[in-house]
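> Below is the structure, and that's it, no one-letter string:
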């Protein structure tokens, strides 16, 4: 299939590589050309060139404005994506922007699908991502082989694209909830003299035997917040989008409010380079225990 | 082995049954005799009679004061447990009370082990409990066959009994964190039009594939808070004990403070008979969505 | 002095009336002409006509976008305000927008002063407002007689206009803090059987003898949230702007986060027509006490 | 009148001095005799001797257990206070303990009045205290001249003594709310470049013209938390008693939960010697600003 792939950061790089490996004709675009050059595929000079003549175009950008910058103008996606072609947005973007994209593409006779992914860069590289997809049923059906190429399972969230984004945002919210809860629990049992490694072994062998507890439990145990797998400002952004979505729907979320303050505290104290899980060290810090880098 | 078992509520009943089935000489005691009568073992008239001449005595009570009531006086455990015998407390009690028990038994020449358990009544009945045990190494070694009879795995938390209680309390805190986080996430995506069952399927098939998310996700989805597997006032008590332990150690826990307020709100609005997971419905209620029984 | 006054809501109406009464040549503009017609002054058909040829122009709008709508285009303020003339913004606007206004007017050779006011509509009518003003010293000096006409005292907050807006927003934050604190205290003592009127008499006669405690204490005591002196959505907007300012400065504000959730809860449950102080009834509601309209 | 006065800390010292100056026959008692020796009145060797033969006995202790220690045993208040004599408790004690005291004195044929006071040590010395009194009407009437000797105004809170304690506790809660709100507001405007002294001048000249804003605004501005007028552990205790009262009444108080965590953070980081208002510096600290001693 003729595919454009725009956005070759830590996540997009692995996803694009898997599409290329599967034999698709992929054209790449990245703001800084070097990243694209590592992959064995032609590199476009502009977003427009990357999408012209394609059947499907993937975008994987860090935030709304990075994607927005590729959309408009004479060299933009909207101008050059063929009628009937599908734009698959895998980025974690705001609900509002997903709604805007839906309208813009419809006006241009193009199709739009939201397909944000769950997984860290290693899962992108090994095609182990989980995909939450929403859009027109026929579009999702035609995209399924591509989703199978980049991920291990696709969950369909209905025909309104922004709902997949709401699912993605709420999923990141749940991950932050795990980080915060583990951070508080470890601060408590650690100050109480319990062996924290044995404690995590108990948790993750029993009721909390999910990957998210193992991953973040270990990071918090070792206070290994650098290099960042997912940097604190990106986590902060996602909580901001959760709160924006919740405000638009009139849903108070006291946990999200707490997480917002945690990210602000982390970043105000020099943590912008750290992994987002570093907010889990703040409970220990508040309790007067040594708490690593922040 | 000659064993006393005191406290035959939903949890203790299953645990005692498994010890009996394994061939031990178990003497039972319960405040209301009827519960004990369902089991095939002799019933003592007093706590003292249940523990006299025993090598090991288990207690499984709802809270500190219920256990405290069995300890003292001429018919109490302290008076009648033989020197060198072990009191194994499986109850979810306060750190402070666990420390008191340690001292009282030491003064009486008896031994004390804390072995609180994780699991709901069905896990107690099927010997699938997880046990967090702390106490003298030789005592834990001699108890291991009994732990294997009532549970599927034992985690040793050191030689200071109260540490096992801290682990248990913090574990319940983490469960409440899951309930609250799921409650908020479901309030958000539900009001945003996402199919909640599909959403939970995604979560529990991916990053959140732990039993605790499945169990409480389903309860929240179906708003099935009655009959209570673990009643709200017991959850409230555990959060109270977490906060007390945290205060003694000078550890601020903003999540625990939020959970405290959630339980107060639930109970102030008529929820004392509901399962503790009903606090997870309060986020939906605050957002103006119908939220079941409270 | 030749003055334009744009925005004749509850607050602007009283302020404009006092400027007219003091003998200034005031030209009025309001989106809905009827409001302006109650005052004895000429009414302009467009924002541009209201500011053309004026030395000073006041704006008093409900939010950023209402003011923004008057600024731009061929009939807008920026196009028609004479070089050297001063735009005095009394609205409660965002820090970001105040910074934008400062730049826009500077580019146009015009001057900009932020002068948000404290006080409810009756204070505007009786010239009892308090004014927080920031801008160039010479501009503030020349405006002082006008400030004295509409208010009882002016507080100079430096020469960067947005700082006056930050002061205003933080002042509203402090008022909401009083409402919430009184709401919780009344929920507690009320459920405990204390006479709430006597309680408020004690508070406001002693340590809390400030107008804000008297005003909001009485509203909460009588649960008189209609008609709204300052409607809940406006309070919600101000807390939103406080949070936005705090985020830009990396300042976590746990109280503001709580207030945000209170406003969402109020509005999600049908309170958008109520006075903002109705969030103070939510503590009583959560405690199971009858709590008026929400 | 024949009066016993027990408890001569910073507050009790001034109150006792005023009763002595007014010509009453006062007998003093303090755990450490030195404090009593500064006053011109006889010193009793035991609590019992201080209350024997008296018509009215005042107690002013730091917490429940300090007062409890004077009550019982052969040298205690209960044993020696004459039938019909009144025990006036001015201490900030728990609701539960006030109820216990009411019963104990009734059983002993004695009378009990709760009369906690508002004011710092200088107000005690200059008889400017505010008194919240509750108890039998005839007792309050007979005590009024004494209240007038130690305070500037008495507020009657009904005939159930513990209600005056609830009023006192909720009053301290409201003071902490002011400290926290000012702390957050100052962190925000301070980081935003506003002159904090000018800001406080604006607040306390307008809507927030109450003593509590002036007192704590100045302390926060100057970060002058030592010596402590009211030490952090005492503030922490009062919030603990507020939360206990609220729990007994099923009233969730999110602000009190936040304050609890603030005190824990302060004390976990070495602040136990500081004035309770030092929690107001934590918002600045979290925002990365220098924040004085903690």
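Okay, I see it. None of the values given here were measured: they were computed from a predicted structure. Numbering: from 1, shown residues only, chains lettered A, B, ... in the order given.
> ok, so what distance separates residue A:39 from chain D?
Per Cβ to the nearest Cβ, to the nearest Å, residue A:39 is found 40 Å from chain D. Placement of C-beta: from N, CA and C, glycine included.
> Tell me which helix or strand the residue in the stretch 1-150 of chain A positioned nearest to chain B sits in.
Chain B sits closest to residue A:130 of the stretch 1-150 of chain A, with a gap of 4.4 Å, by Cβ to the nearest Cβ. According to DSSP states H and E, residue A:130 maps onto strand A:129-133.
> Which parts of chain A are helices?
Ranges of helices within chain A are A:10-21, A:33-37, A:47-51, A:64-71, A:77-80, A:95-107, A:121-125, A:137-150, A:161-191, A:196-205, A:211-222, A:232-248, A:254-268, A:282-286, based on DSSP state H.
> Can you name every helix or strand that the fifth one contacts?
This means helix A:77-80. Counting by 3 or more Cβ pairs under 8 Å, 6 or more residues apart in numbering or on different chains; DSSP states H and E, the packing neighbours recorded for helix A:77-80 are helix A:47-51, helix A:64-71.
> between the ones you listed, which gets nearest to chain D?
Going by Cβ to the nearest Cβ, the one of those nearest chain D is helix A:64-71, 24.4 Å.
> Name the residues of that closest one that come out as buried.
A:64, A:66-67, A:70-71 (16 or more other Cβ atoms under 10 Å in any protein chain shown).
> Then stretch A:196-203?
Result for stretch A:196-203 [16+ other Cβ under 10 Å]: buried residues A:198-200, A:202-203.
> so who does residue A:256 touch?
A:173, A:239, A:242-243, A:246, B:184 (Cβ atoms under 8 Å, 6 or more residues apart in numbering or on different chains).
> Quick check: the residue nearest to residue A:46 when sequence neighbours are not counted vs residue D:50, distance?
Distances taken as Cβ to Cβ, 6 or more residues apart in numbering or on different chains place residue A:75 nearest to residue A:46, at 3.9 Å, with adjacent residues excluded. Using Cβ to Cβ, to the nearest Å, residue A:75 is found at 91 Å from residue D:50.
> which one of those two has more residues nearby?
residue D:50 (28 against 15; other Cβ atoms under 10 Å in any protein chain shown).
> Now for chain A, the helix or strand with the poorest mean pLDDT.
Within chain A, no helix or strand scores below helix A:33-37, which has a mean of 85 by mean pLDDT, DSSP states H and E.
> Excluding its own residues, what touches that one? List them.
Residues contacting helix A:33-37 (Cβ under 8 Å, 6+ apart): A:8-9, A:13, A:28-30, A:43.
> now do stretch A:68-79
For stretch A:68-79, using Cβ under 8 Å, 6+ apart, the contacting residues are A:6, A:29, A:46-49, A:51, A:57, A:59, A:61, A:87, A:97, A:101, A:104-105, A:108, A:110.
> what's the answer for stretch A:95-113, then?
Residues contacting stretch A:95-113 (Cβ under 8 Å, 6+ apart): A:64, A:67-68, A:71, A:78, A:81-89, A:93, A:114, A:133-136, A:139-140, A:143, A:160-162, A:164-166, A:169, A:241, A:244-245, A:248, B:192.
> related to what we said a few turns ago, quick check: buried residues in the least confident helix or strand of chain A?
A:35-36.
> dump the residue contacts of the residue of the stretch 101-250 of chain A found nearest chain C.
Chain C sits closest to residue A:250 of the stretch 101-250 of chain A, with a gap of 3.9 Å, by Cβ to the nearest Cβ. Going by Cβ under 8 Å, 6+ apart, residue A:250 touches B:191, B:287-288, C:264, C:267-268.
> Which residue, neighbours along the chain excluded, lies closest to it?
residue C:268 (3.9 Å).
> Also residue A:112?
residue A:105 (4.0 Å).
> How about residue A:202?
residue B:155 (4.1 Å).
> quick revisit: include neighbour count and pLDDT when you put the contacts of residue A:250 into a markdown table, please.
Listed next are the contacts of residue A:250 as a markdown table, based on neighbours: other Cβ atoms under 10 Å in any protein chain shown; pLDDT from 0 to 100:
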| residue | neighbour count | pLDDT |
| --- | --- | --- |
| B:191 | 21 | 98 |
| B:287 | 23 | 97 |
| B:288 | 21 | 96 |
| C:264 | 25 | 98 |
| C:267 | 22 | 98 |
| C:268 | 21 | 97 |
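> re earlier: now tabulate the helices of chain A in CSV and tack on distance to residue B:35.
Output for the helices of chain A, formatted as CSV (distance: least, Cβ to Cβ, whole Å):
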stretch, distance to residue B:35
helix A:10-21, 56
helix A:33-37, 67
helix A:47-51, 71
helix A:64-71, 60
helix A:77-80, 69
helix A:95-107, 53
helix A:121-125, 50
helix A:137-150, 54
helix A:161-191, 33
helix A:196-205, 30
helix A:211-222, 36
helix A:232-248, 46
helix A:254-268, 39
helix A:282-286, 41
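> Comparing these by mean pLDDT, which bottoms out?
Note on the helices of chain A: helix A:33-37 shows the lowest mean pLDDT, a mean of 85.
> Pull up the gap between the residue lying closest to residue A:267 once chain neighbours are set aside and residue B:254, please.
Leaving aside its sequence neighbours, residue A:267 sits nearest to residue C:250 (Cβ to Cβ, 6+ apart; 5.6 Å). Per Cβ to Cβ, residue C:250 is found 19 Å from residue B:254.
> go on, residue A:98?
Taking Cβ to Cβ, one finds residue A:98 at 31 Å from residue B:254.
> mind listing what residue A:124 touches?
A:10-15, A:117, A:150.
> Make a markdown table from those and add neighbour count to it.
A markdown table is the format used below for the contacts of residue A:124 (neighbours: other Cβ atoms under 10 Å in any protein chain shown):
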| residue | neighbour count |
| --- | --- |
| A:10 | 17 |
| A:11 | 24 |
| A:12 | 25 |
| A:13 | 22 |
| A:14 | 22 |
| A:15 | 25 |
| A:117 | 22 |
| A:150 | 25 |
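> quick check, nearest of these to residue C:179?
residue A:117 (43.4 Å; Cβ to Cβ).
> Any idea what the closest one is bridged to?
In this entry, residue A:117 is beta-bridged to residue A:131, by DSSP bridges.
> so it touches residue A:129, yeah?
Yes: contact criterion Cβ atoms under 8 Å: residue A:117 and residue A:129 qualify, at 4.4 Å.
> Could you pull out the residues contacting both of these two?
Common neighbours of residue A:117 and residue A:129, using Cβ under 8 Å, 6+ apart, are A:15, A:150-151.
> residues contacting the residue nearest to the spatial centre of chain A?
With distances taken as Cα atoms, centre = their mean, the residue of chain A nearest its centroid is residue A:92 (4.8 Å). Going by Cβ under 8 Å, 6+ apart, residue A:92 touches A:63, A:116, A:165, A:168-169, A:172, A:237-238, A:241.
> just residue A:231 next, same as before
Contacts of residue A:231 by Cβ under 8 Å, 6+ apart are A:272-276.
> And those, which of them are buried?
A:272, A:274-276.
> can you tell me which residues contact the residue nearest to residue A:250?
By Cβ under 8 Å, 6+ apart, the neighbours of residue C:268 are A:250-252, B:286-288.
> and with 10 Å instead?
The contact partners of residue C:268, by Cβ atoms under 10 Å, 6 or more residues apart in numbering or on different chains, come to A:249-252, B:187, B:191, B:285-289, C:294.
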